[in-house]
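Chemist: Mind folding the following:
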Amino acid sequence: MIPWIILGVFVAIIVIIGLLAMGTYNSLVELRNRYKNGFAQIDVQLKRRYDLIPNLVETAKAYLSHERTTLEAVIAARNQAQSASQKVAGDPTNASAMKSLIGAETALTGAMGRFFALSESYPDLKGNQNMMQLTEELTSTENKISFARQAYNDGVMVYNTKREVFPSNIFANLFGFTAAEMFEITNVAEREAPKVKF
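Modeler: Now for the predicted structure:
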């Protein structure tokens, strides 16, 4: 009789561990999918911004023809950021790709800041209807990116917390759930969106 009780307890323990593993695994998958969706929302807004920037530069070309270096720097930074964004969109769980995107976005923000600072010196450019409309759209897009980034970072925080707490951490490591990277800008000066004044 005692061997059957021991066997029953052993089977019960195995069943409990199995149910715990299954529940933890499913929970981690759900949380990972949430933060992946969060990045998809950022990606939509980043694509919109990447589409607006060439139009903005093209509009400014006539006024800033002798400032070719600044215009080329903006387009180069935009292309680099767009390429980095595509890599992250392919796999938002790739921490090194996310770090590359953060660096590229930082460079783009700096280039756009220099562009807008330079364009302040040209009243005709400031009064151009196309320029005003594009800067309005860019400002709106920057705000949407900020909100999407906040939602993504919230999702990453919940996921990372779940994979770090006990006993989830055991199953997260066992099933290969790696830490997700936040999409944050660390330099205080770079936290501000480009100033758009027209």
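
Chemist: thinking in terms of the whole chain, how far from its middle is the longest helix belonging to the chain?
Modeler: Criterion DSSP state H: the longest helix present in the chain is helix 2-61. Mean-position distance between helix 2-61 and its chain equals 15 Å (Cα atoms, centre = their mean, to the nearest Å).

Chemist: what packs against that helix?
Modeler: Identification of packing neighbours for helix 2-61 by 3 or more Cβ pairs under 8 Å, 6 or more residues apart in numbering; DSSP states H and E yields helix 68-90, helix 95-119, helix 129-164, helix 168-175. Placement of C-beta: from N, CA and C, glycine included.

Chemist: Indicate which one of those is closest to Leu31.
Modeler: Comparing the helices and strands packed on helix 2-61 against Leu31 with Cβ to Cβ, the closest turns out to be helix 129-164 (4.0 Å).

Chemist: Show me which residues of the closest one are buried.
Modeler: Within helix 129-164, the residues scored as buried using 16 or more other Cβ atoms under 10 Å are 131, 134-135, 137-139, 141-142, 144-145, 148-149, 151-153, 155-156, 159-160, 162-163.

Chemist: follow-up on the earlier one: generate CSV for the helices and strands packed on helix 2-61, with distance to Ile17 and mean pLDDT as supplementary columns.
Modeler: Output for the helices and strands packed on helix 2-61, formatted as CSV (distance: least, Cβ to Cβ, whole Å; pLDDT from 0 to 100):
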stretch, distance to Ile17, mean pLDDT
helix 68-90, 35, 92
helix 95-119, 30, 91
helix 129-164, 18, 92
helix 168-175, 10, 92
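
Chemist: could I get those helices as JSON lines with distance to Leu46?
Modeler: Converted to JSON lines, these look like this (distance: least, Cβ to Cβ, whole Å):
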{"stretch": "helix 68-90", "distance to Leu46": "5"}
{"stretch": "helix 95-119", "distance to Leu46": "8"}
{"stretch": "helix 129-164", "distance to Leu46": "7"}
{"stretch": "helix 168-175", "distance to Leu46": "29"}
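
Chemist: Looking at the ones you listed, spot the one closest to Glu181.
Modeler: Taking the helices and strands packed on helix 2-61 one by one with Cβ to Cβ, helix 95-119 is closest: 3.9 Å.

Chemist: and that closest one, what does it pack onto?
Modeler: Packing partners of helix 95-119 (3+ Cβ pairs under 8 Å, 6+ apart): helix 2-61, helix 68-90.

Chemist: Most tightly packed of those?
Modeler: helix 68-90 (a mean of 17; mean count of other Cβ atoms under 10 Å).
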